[in-house]
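Colleague: Sequence first, then the predicted structure, then my questions.
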Amino acid sequence: MSRTSYKAAFALVCAHLTACAETSQERVQIPLEVTGTAPAGTVLSLGDVPVTLTRADLAFGPLYLCAGTQAGELCETARLEWLDSVVVDALDAAPQPAGDLYGVSGVVQSWMYDLAISAQLTQREPVVLEAAEALGGHSLVLEGTAEVGGITLPFVAEVPVQQSSATELGVPVVRKSPSDAFFHDVSGAEQALRMRFDPATWLAGVDLRPYVEFETCAPAQDGVVCDGRVEWTCTAGEAPVSRDCSATGDVCIAGRGCAERVVIEPSSEAFRALRLALTAGARPEFMWVDAE
């Protein structure tokens with residue numbers, strides 16, 4: 001599909017590709033499946049911090065497969081495309097039908113996709129697709145707990161991923177890098193293209209340790225500090241006041257005090273690490289399922 005047509009409307013590829021008429025190519029329709037890896041409750045290790053995920057939902061799509069080795073601006077025409085979006089439960093290893101890839105037969109050597117927030121040259125603001133809408137306008141929602149210094153730390157992260165002034169506007173934000181191995185000669189006999197997403201790769205660069213501290217009030221200090229589960233309110237010239245966060249089922253979060261859980265904010269290093277992992281980190285696994 002031409003990139004101009006993609007920006008103007010979501011039309012099926014073979015409706016307007018002259019390549020469909022080439023004698024060496026045939027129109028194809030291949031089911032797309034998505035799957036996760038780690039089941040809910042699996043303990044992941046982030047260095048010396050065990051993390052248990054209870055939710056890992058990714059808003060995925062659209063997806064484009066290109067004939068050339070480099071996607072992005074060089075992928076003027078997609079060989080296969082899926083123009084929808086779907087919420088991937090990355091804690092479910094069972095394949096989930098997402099729809100069908102439409103296009104033509106032939107070699108594909110690169111890919112690009114969005115995470116359900118797509119920038120189009122014909123509109124000022126990115127389009128939030130159905131899967132991202134289901135996640136409150138976000139591309140990724142993570143929930144879980146981390147064990148930091150003997151403290152059980154509940155956390156949640158909600159991360160939107162979209163084009164910015166630093167990326168190519170109008171081009172899908174996640175693309176195959178030159179170092180990624182990807183090659184397949186599409187025949188149309190494939191049973192499916194299956195994509196597997198591993199939530200452990202999204203968390204690999206996230207450090208949750210700064211949210212837990214073991215401090216008490218220093219002389220002339222103002223503010224709130226945490227000594228494990230205990231919150232201390234410090235006021236210069238006055239006796240500090242403490243409260244046990246665990247008495248109300250809360251945790252003490254560094255710089256904030258007693259709270260139900262850590263909310264990973266966009267200004268935090270943890271948030272930036274998650275977004276970078278989604279756009280430039282370990283890629284999903286592409287598996288072509290042969291027809292039986």
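Modeller: Yep, it's here.

Colleague: okay, CA-based contacts and neighbour counts for the rest of this
Modeller: OK.

Colleague: List the contacts of V148.
Modeller: 49-50, 208-209, 212 (CA atoms under 8 Å, 6 or more residues apart in numbering).

Colleague: what bridges to it?
Modeller: For V148, the beta-bridge partners under DSSP bridges are I151.

Colleague: Tell me how far it lies from V49.
Modeller: Separation of V148 from V49 (CA to CA, to the nearest Å) stands at 6 Å.

Colleague: overlap in contacts of the two?
Modeller: What both V148 and V49 touch, as defined by CA under 8 Å, 6+ apart, is the set 208-209.

Colleague: longest strand anywhere in the protein?
Modeller: The strand that spans the most residues within the chain, counting by DSSP state E, is strand 49-60.

Colleague: Could I get the pLDDT score of A291?
Modeller: We note a pLDDT of 69 for A291 in this prediction.

Colleague: Next: T42.
Modeller: Looking at T42, its pLDDT stands at 79.

Colleague: What of V173?
Modeller: 87.

Colleague: so who does it touch?
Modeller: Listed by CA under 8 Å, 6+ apart, the contact set of V173 reads 112-115, 161-163, 167, 279.

Colleague: how near is it to G61?
Modeller: 11 Å.

Colleague: my guess is R196 contacts T35, does it?
Modeller: Yes. Contact criterion CA atoms under 8 Å: R196 and T35 qualify, at 4.8 Å.

Colleague: okay, the two: which has more neighbours?
Modeller: Shown here are R196 and T35; by other CA atoms under 10 Å, T35 has more neighbours (23 against 20).

Colleague: thinking the more buried one is in contact with V86, fair?
Modeller: No. Between T35 and V86 there is no contact, the gap being 11.1 Å when judged by CA under 8 Å.

Colleague: still on that earlier bit, what is in contact with V173 and G61 at once?
Modeller: Residues touching both V173 and G61 (CA under 8 Å, 6+ apart) are 113-115.

Colleague: Out of those residues, which comes closest to A181?
Modeller: Y113 (16.4 Å; CA to CA).

Colleague: Surely that closest one and A71 touch.
Modeller: No. Assessed by CA under 8 Å, Y113 is found out of contact with A71, at 9.7 Å.

Colleague: Pipe the contacts of V148 into TSV and attach neighbour count, pLDDT and distance to D185 per row.
Modeller: Formatted as TSV, those follow (neighbours: other CA atoms under 10 Å; pLDDT from 0 to 100; distance: CA to CA, whole Å):
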residue	neighbour count	pLDDT	distance to D185
V49	17	93	43
P50	15	95	41
L208	21	95	43
R209	15	95	46
V212	25	97	51
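
Colleague: Pick out the most distant pair among those.
Modeller: Counting by CA to CA, the most remote pair of the contacts of V148 is P50 and V212, 14.1 Å apart.

Colleague: so who does A67 touch?
Modeller: Going by CA under 8 Å, 6+ apart, A67 touches 75, 78-79, 106-110.

Colleague: pull the helix or strand with minimum mean pLDDT from this protein.
Modeller: Ranked by mean pLDDT, DSSP states H and E, the helix or strand of the chain with the weakest confidence is helix 3-8, at a mean of 37.

Colleague: can I get the CA coordinates of whatever helix or strand comes next after the longest strand of the chain in PDB?
Modeller: Next along the chain after strand 49-60, taking DSSP states H and E as the criterion, comes strand 63-66. Only the C-alpha atoms of strand 63-66 are listed here, as PDB (Å, rounded to 0.1, in the frame of the first residue of the first chain):
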ATOM      1  CA  LEU A  63       1.300  -3.900  10.800                       C
ATOM      2  CA  TYR A  64       3.000  -3.700   7.500                       C
ATOM      3  CA  LEU A  65       5.400  -6.200   5.800                       C
ATOM      4  CA  CYS A  66       7.700  -4.800   3.100                       C
END
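
Colleague: Distance from the chain centre to strand 63-66, please.
Modeller: 18 Å (CA atoms, centre = their mean, to the nearest Å).

Colleague: Same check on stretch 283-292?
Modeller: Between the centre of stretch 283-292 and the centre of its chain there are 20 Å (CA atoms, centre = their mean).

Colleague: For the helix or strand containing R243, which helices and strands make contact with it?
Modeller: Using DSSP H and E, R243 maps to strand 241-244. When contacts are defined as 3 or more CA pairs under 8 Å, 6 or more residues apart in numbering; DSSP states H and E, strand 241-244 sits against strand 230-234.

Colleague: Output the contacting helices and strands for the strand it packs on.
Modeller: Counting by 3+ CA pairs under 8 Å, 6+ apart, strand 230-234 packs on strand 223-227, strand 241-244, strand 257-259.
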